[in-house]
Structures are given as structure tokens and as C-alpha cells.
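Colleague: I'd like to go over a predicted model; first the sequence, then the structure.
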Amino acid sequence: MGKWWVNKMKTLSLIKFGIAIGLVYGLGLLISSDRTVPNSEFIPEMVHSVAYDSYAPNPNFADGKTLQMPPEGTIALGFMPEYPDGELTKENAGKVLKSPFDIETMDLARGAKVYATFCQVCHGLTGDGDGPVTKRGVPPPPSLKTDRVRNMMDGDIYYLISKGVGNMPPYSVQVKREDRWLVTHFIKTMK
Ligand code: HEC
């Protein structure tokens, strides 16, 4: 038999080992085995942002608001104006606005999708001006399958979609530029 202190050392190591196993097992209990259930959170500030909500009062700014106006003269990414204010008019739109698309390779199906989403309600399935809202009091638009529309310059149609005309509202906010060009090309193919 070994000396008494050797046995004591062995017992101590065994206890330490037991504690270590216990700790690992205990931590394991905090981690859920079901992936759809969130694990226990400690230090929740690291999980949940402590940022201010957009509309929450904010003492860090002079006006006390979280949402700040962009500095004057700045342009949001992707919203570069096509032309400086006043340079583009209803009269010159057809000449100065040029489609970025090649008629041969463009995605006309995308244009059809834009039409179905934004235009069909008024202009109708096939462009006859008999969309569902025209049966509910909205004045029916003219047919799009006319020589008038086919002969319009692309830029003029693009401008008209962007700015609206008569009873037709502007679509520059809802429909992005590329899509406005594609739907322009699409309506010219309507027969
Ligand atoms: C809320 C109904 C409505 C929606 C939606 C609408 N339009 Fe119109 N559109 C009209 C009306 C009404 C006119 C006729 C405006 C006028 O001349 O007074 C018109 C006119 C037009 C014209 C000119 C036709 C011509 O002979 O002068 C074109 C081109 C046109 N729309 C394309 C579109 C496209 C493309 C979309 C979808 C991005 C669209 N419209 C969405 C109602 C609508």
C-alpha cells in the first residue's frame, strides 16, 4: 500500500475530475437539444441590441429624435437623380432619356411581370384599358395597343410612368428604374 498522502492526492484528483464533469454536464443543460428552441441567455445585452428604436426619443441629438435628416445635398445610395432639377421636361424626355437595355437581350418577361403587378389593375390583362378597377368607378385608360403608344418614344413612356399623366398616378416610387424601362418595352410589344 502507498503512503497515506498519495492516497489523499488520488482522492483529491478524483473529486476535481468529478467537479469538472459536473460543470460540463451542467453547462450542457443550458444548451437546448431542440434546435427550434432558443438556448438560455446570459449576458442578454450581447444577444439583444440596445440600440435606440427609430422613433424612440433620443437624448444624444439636439432635436431629441433618433431618426436624423440626411445632411443637405446628400443623395441616398442608388438614388442618383437622372437629371438635375429642371433639365428634364415632359417635352424633351423622349430625346434625352435613353433606355439602358438592348431590345434583343433584355428580360422582357420581367417587363411583363411589372405590368401584371402595377399596370394591369387599370390597363387590363391585354392592355385594352379594362382592368378591374375601371368597373369600380376609376375612369378607364385608353388602350395601349394603339399606333399612338407604339410610336411614342421610349423616353416619353418612361417619363409618363415616372411622373404620371392625367388620372394615372406616378410610379417612380413603387417601380425602380430598370423595371420602368422594361415595362416600357413590354407595353410596346402588346398586340
Ligand atoms: C390607376 C390606374 C392606372 C395605373 C395603375 C396605370 N395607369 Fe397608365 N394610364 C391610366 C390612365 C387613366 C391613363 C390616361 C391618362 C390621361 O391621358 O389622362 C393612362 C395612360 C397611360 C399611357 C399613355 C397612353 C396614351 O395613349 O396616351 C401609358 C403608356 C400608360 N398609361 C402606361 C402605364 C404603365 C406602364 C403602367 C404601370 C407601370 C400604368 N400605366 C399604370 C391609368 C393607370
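Modeller: All right, it came through fine. Quick caveat: nothing in here was measured; it's all calculated off a predicted structure.

Colleague: Show me which residues of this protein are close to the ligand?
Modeller: With C-beta under 6 Å from any ligand atom as the criterion, the chain comes near the ligand at residues 118-119, 121-123, 138-139, 141-142, 144, 148-149, 157, 160-161, 165-169, 171, 175, 183, 187. Quick note: C-beta positions are derived from backbone N, CA and C, even for glycine.

Colleague: Any of those residues buried? List them.
Modeller: Among the residues of the chain next to the ligand, those buried by neighbour count (16 or more other C-beta atoms under 10 Å) are 118-119, 122-123, 141, 144, 149, 157, 160-161, 171, 175, 183, 187.

Colleague: among those, which are in helices?
Modeller: Among these, the members falling in helices are C122, H123, V149, I157, L160, I161, V183, I187 (criterion: DSSP state H).

Colleague: can you pull the pLDDT of the residue of the chain at minimum distance from the ligand?
Modeller: Nearest residue of the chain to the ligand: G166, at 2.0 Å (C-beta to the nearest ligand atom). The per-residue pLDDT reported for G166 equals 93.

Colleague: Next: T36.
Modeller: 83.

Colleague: Measure how buried it is and give me the count.
Modeller: Residues lying near T36 (other C-beta atoms under 10 Å) number 5.

Colleague: Just confirm it is within a strand.
Modeller: No. Under DSSP: H, G, I helix; E, B strand; the rest coil, T36 falls outside any strand and is assigned coil.

Colleague: doesn't M190 make contact with L144?
Modeller: Yes. Counting by C-beta atoms under 8 Å, L144 touches M190, with 5.5 Å between them.

Colleague: shared neighbours of the two, anything?
Modeller: Here L144 and M190 share the contacting residues G127, scored by C-beta atoms under 8 Å, 6 or more residues apart in numbering.
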